[in-house]
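**Student:** Task: produce atomic coordinates for the following.
(4 chains)
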Protein chains: 2
Amino acid sequence: MFHLTFRQLSVFESVARNSSFSRAAEEMHLTQPAVSMQIKQLEENVGLPLFEQMGKKIFLTEAGKELYHYSKMIAQQLAEASLVLSELKGLERGKLNISVVSTANYFAPQLLAQFCSQHPEINVSLNVGNRESVLKQLHDNEVDLAILGRPPEGIDVEAHIFMENRLVIIAAGGHPLAAERHIPASRFQNETFIMREQGSGTRLATEKFFSSHNVLVKTGMEMSTNEAVKQAVQAGMGLGILSMDTVLLEVETGRLKILDVEDFPIIRHWYIVHRQNKRLSGVAEAFKTFLLTKK
Amino acid sequence: MFHLTFRQLSVFESVARNSSFSRAAEEMHLTQPAVSMQIKQLEENVGLPLFEQMGKKIFLTEAGKELYHYSKMIAQQLAEASLVLSELKGLERGKLNISVVSTANYFAPQLLAQFCSQHPEINVSLNVGNRESVLKQLHDNEVDLAILGRPPEGIDVEAHIFMENRLVIIAAGGHPLAAERHIPASRFQNETFIMREQGSGTRLATEKFFSSHNVLVKTGMEMSTNEAVKQAVQAGMGLGILSMDTVLLEVETGRLKILDVEDFPIIRHWYIVHRQNKRLSGVAEAFKTFLLTKK
DNA sequence: TGTTATCATCAATAAATTCTTATGATATAA
DNA sequence: TTATATCATAAGAATTTATTGATGATAACA
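**Tutor:** Reported below is the predicted structural model:
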């Protein structure tokens, strides 16, 4: 393809519009020979004359008319690009890519909804996965931000606490312990607990709690989702430990009860996380500060 | 608006496509720092980062993705322009603007049709007018070529004969002279002639002919179109002198007769004309040589 | 007919830009 | 940890682009 420059095109456009080299030169703050030169080079590139001079007047040739059309189209594209980019520079537009661990899915949508209502032109891509997949996405730079219950070690990230994460012990609605107050940890000796899988943050915190209280619990039942844990607990298969956010609905309807255990709830935190050195987009930056400054 | 260059855009496009400054540099036969610099300048123009580097890998930012889209659009427009212009360079496409005097309208369409059948992608704009309007269009550079029976003096044009223009004397089908042979000019003394208006080429030639033969004819009837002359002659209002091309049909059907007059037909010519210094388009040039070399 | 407006061209030089070479910094991978 | 790949940066060279000032050609205009 031929080697045009925008300079050539915009000079050409000006000459064509003004039907005059001299007027174009004035308009572009150039001297007339400079304009002549640019047009000449352009004509050499194209391989066809673009203008013809009949006396004092300048006319576009057939080729010139075609090129004029395309130069206007291109100028239009540029103007559009300019607009879009300047919108991105502000906060009117943009896309927020965020990945959250499954537990966070119980409150993240509300937060996003609230944020979006303040910035109507923003697109959000919310990705829900287990801790491992969220970390992978973060590492592969597929998302701007992630919400985790425990900041990753190893990879270089910046993590900020923005919300508490209360772990509570739950039981089925009619469970005998449901009515008791100030239950000591020792009461759970040999109780059956439905747990999330090995490696889950909730599970780690749970195990730490019981071992520090020298209580031995049965942890035979292992579920890979919070929903499964809730179902199992409701069915009376045992007790569970979950983030309070995930059980609000069931507690309200009485299907599950939060036990009043001493030293509970365990307070953990939710972290908003991104890779160090990550150049956050305007939107991502805004969402981050939204989380950190809210309330 | 910001001041982009195609250089910046195409370097950007290459970097974005390759996800690598170094690969882009190889592709464009540049050194890597040159690429870095172009991108840096582009980012300064735009006012937003376009890429982010996470370790060894390069990613487009949101702004980069938008710009990538537009750079592809613009590249597409350029490719299209390139195609159209190279077609114009050949003879596959183009537009022929031609203006002809009304008499020439009896044969010009056939010539154009023949020419177009050889170049199917060509557009033609045929303009028919009286001599005066044709000359004005030529002068105002509104047409590439014109067909005239007499090249204009005064304005600077290039004119080439491409066809004979035979002027004949016509009479109504049943006219007494129609049967005679070798009619001398003197026989037309005091005959009534239906003529085109003052200034018409046909009329000039006619007057010259009779005055050089010392014959006085009656020229009271003046018509502004060839069709009107033919109608008047058919109606028996007098004789007429017209270009043979305009009466072929009527002669064939017997409504008009061409008289067998001594020193007739008067041979004049058809000229293909364009302004001197006019840069003819490929198509116009082709049509001109088509006329000059045909048969 | 002379005057004016317009574009083309040239040479010398100035200004801006683009590119290269050389080097540094950093993260990944062996 | 060392080697490698990758991009950033700086200084100077090379290239491109524009200016100035002069000149020429042409057609419109008065």
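**Student:** Next, work out how far apart residue A:101 and DNA strand C are.
**Tutor:** Applying CB to the nearest atom of the strand, to the nearest Å, the value for residue A:101 to DNA strand C is 22 Å. Bear in mind the C-beta positions are built from the backbone N, C-alpha and C, glycine included.
**Student:** pLDDT score assigned to that residue?
**Tutor:** With respect to pLDDT, residue A:101 scores 88.
**Student:** isn't it right up against residue A:148?
**Tutor:** Yes: in this structure, residue A:101 is within contact of residue A:148 by CB atoms under 8 Å, at 5.7 Å.
**Student:** Is residue A:52 in contact with residue B:278, as I believe?
**Tutor:** Yes: assessed by CB under 8 Å, residue A:52 is found in contact with residue B:278 at 6.8 Å.
**Student:** tell me the secondary structure for the residue nearest to the spatial centre of chain A?
**Tutor:** The residue lying closest to the centre of chain A (CA atoms, centre = their mean) is residue A:97, at 2.2 Å. Recorded secondary structure, residue A:97: strand (DSSP: H, G, I helix; E, B strand; the rest coil).
**Student:** joint contacts of residue A:52 and residue B:278?
**Tutor:** Here residue A:52 and residue B:278 have residue B:141 as joint contacts, going by CB atoms under 8 Å, 6 or more residues apart in numbering or on different chains.
**Student:** For residue A:289, give me its contacts.
**Tutor:** Applying CB under 8 Å, 6+ apart, no residues contact residue A:289.
**Student:** Can you get me a residue count around the residue nearest to residue A:150 when sequence neighbours are not counted?
**Tutor:** Spatially, and ignoring its direct neighbours in sequence, residue A:150 is nearest to residue A:201 (4.6 Å; CB to CB, 6 or more residues apart in numbering or on different chains). Using other CB atoms under 10 Å in any protein chain shown, residue A:201 is surrounded by 18 other residues.
**Student:** What score does residue A:201 have for pLDDT?
**Tutor:** pLDDT, residue A:201: 78.
**Student:** do you know how far it is from DNA strand C?
**Tutor:** 24 Å.
**Student:** correct me, but that residue touches residue A:151?
**Tutor:** No: assessed by CB under 8 Å, residue A:201 is found out of contact with residue A:151, at 10.4 Å.
**Student:** any common contacting residues for residue A:101 and residue A:148?
**Tutor:** A:131, A:134.
**Student:** mind showing which ranges of the stretch 151-295 of chain A have poor pLDDT?
**Tutor:** A:154-155, A:295 (pLDDT under 70).
**Student:** got the residue ranges for the helices in it?
**Tutor:** Counting by DSSP state H, counting those that start in this stretch, the stretch 151-295 of chain A has these helices, from start to end: A:201-212, A:226-234, A:244-252, A:282-293.
**Student:** Using TSV, lay out these together with distance to residue B:244.
**Tutor:** Below are these laid out as TSV (distance: least, CB to CB, whole Å):
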stretch	distance to residue B:244
helix A:201-212	103
helix A:226-234	98
helix A:244-252	100
helix A:282-293	80
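**Student:** can you tell me which of these comes nearest to residue B:259?
**Tutor:** Closest to residue B:259 of the helices of the stretch 151-295 of chain A is helix A:282-293 (CB to CB; 90.9 Å).
**Student:** From the chain's centroid, how far away is the lengthiest strand in chain A?
**Tutor:** Longest strand of chain A, by residue count under DSSP state E: strand A:157-172. Between the centre of strand A:157-172 and the centre of its chain there are 20 Å (CA atoms, centre = their mean, to the nearest Å).
**Student:** which neighbours does it have in its sheet, and in what orientation?
**Tutor:** Applying DSSP bridges to the sheet, strand A:157-172 is found paired with strand A:239-243 (antiparallel), strand A:256-258 (antiparallel), strand A:266-275 (antiparallel).
**Student:** coming back round to it: so the residue nearest to residue A:150 versus residue A:107, what's the distance?
**Tutor:** Distance, residue A:201 to residue A:107, by CB to CB, to the nearest Å: 16 Å.
**Student:** likewise residue A:18?
**Tutor:** Residue A:18 is 61 Å from residue A:107, by CB to CB.
**Student:** neighbour count winner among the two?
**Tutor:** residue A:107 (18 against 15).
**Student:** how many neighbours does the residue nearest to that one when sequence neighbours are not counted have?
**Tutor:** In space, and not counting its chain neighbours, residue A:107 is closest to residue A:245: 5.0 Å by CB to CB, 6+ apart. Summarising burial for residue A:245: neighbours were counted as other CB under 10 Å, giving 20.
**Student:** Likewise for residue A:266?
**Tutor:** 18.
**Student:** and what of residue A:157?
**Tutor:** 20.
**Student:** from memory it sits against residue A:275, does it?
**Tutor:** Yes: using CB under 8 Å, residue A:157 makes contact with residue A:275 at a distance of 5.5 Å.
**Student:** For residue A:178, list the residues it contacts.
**Tutor:** Contacts of residue A:178 by CB under 8 Å, 6+ apart are A:171, A:172, A:257, A:259.
**Student:** Would you confirm that the second one contacts residue A:256?
**Tutor:** Yes: the pair residue A:172 and residue A:256 passes the contact test of CB under 8 Å, sitting 6.8 Å apart.
**Student:** Where does the stretch 1-150 of chain A get nearest to DNA strand D, residue-wise?
**Tutor:** Residue nearest to DNA strand D within the stretch 1-150 of chain A: residue A:55 (2.3 Å; CB to the nearest atom of the strand).
**Student:** which residue lies farthest from the center of chain A?
**Tutor:** Furthest out from the centre of chain A (CA atoms, centre = their mean) sits residue A:55, at 62.5 Å.
**Student:** Report the separation between that residue and residue B:228.
**Tutor:** 37 Å.
**Student:** And residue A:160, by the same measure?
**Tutor:** Counting by CB to CB - residue A:160 and residue B:228 are separated by 94 Å.
**Student:** how many neighbours does the closest residue to residue A:204 other than its chain neighbours have?
**Tutor:** Ranked by CB to CB, 6+ apart and with sequence neighbours excluded, the top spatial neighbour of residue A:204 is residue A:150, at 7.8 Å. For residue A:150, the neighbour count with other CB under 10 Å is 19.
**Student:** just checking, residue A:150 touches residue A:271?
**Tutor:** Yes: checked against CB under 8 Å, the pair residue A:150 and residue A:271 is within contact range at 7.2 Å.
**Student:** Could you list the residues of the stretch 151-295 of chain A in contact with chain B?
**Tutor:** For the stretch 151-295 of chain A, the residues in contact with chain B (CB under 8 Å from any CB of the partner chain) are A:275, A:277, A:278, A:279, A:281, A:283.
**Student:** Could I get those in CSV, plus columns for distance to residue A:32 and neighbour count?
**Tutor:** Shown next, in CSV, are these (distance: CB to CB, whole Å; neighbours: other CB atoms under 10 Å in any protein chain shown):
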residue, distance to residue A:32, neighbour count
A:275, 54, 21
A:277, 51, 12
A:278, 51, 19
A:279, 45, 17
A:281, 46, 23
A:283, 48, 26
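**Student:** could the residues you listed be laid out in a markdown table, adding distance to DNA strand D?
**Tutor:** Putting those into a markdown table (distance: CB to the nearest atom of the strand, whole Å) gives the following:
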| residue | distance to DNA strand D |
| --- | --- |
| A:275 | 16 |
| A:277 | 11 |
| A:278 | 15 |
| A:279 | 11 |
| A:281 | 17 |
| A:283 | 22 |
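**Student:** Sort out which one of the residues you listed lies nearest DNA strand C for me.
**Tutor:** Of those, the one sitting nearest to DNA strand C (CB to the nearest atom of the strand) turns out to be residue A:277, at 5.8 Å.
**Student:** circling back: and the residue nearest to residue A:107, what is it in contact with?
**Tutor:** Shown in contact with residue A:245 (CB under 8 Å, 6+ apart): A:103, A:106, A:107, A:165, A:166.
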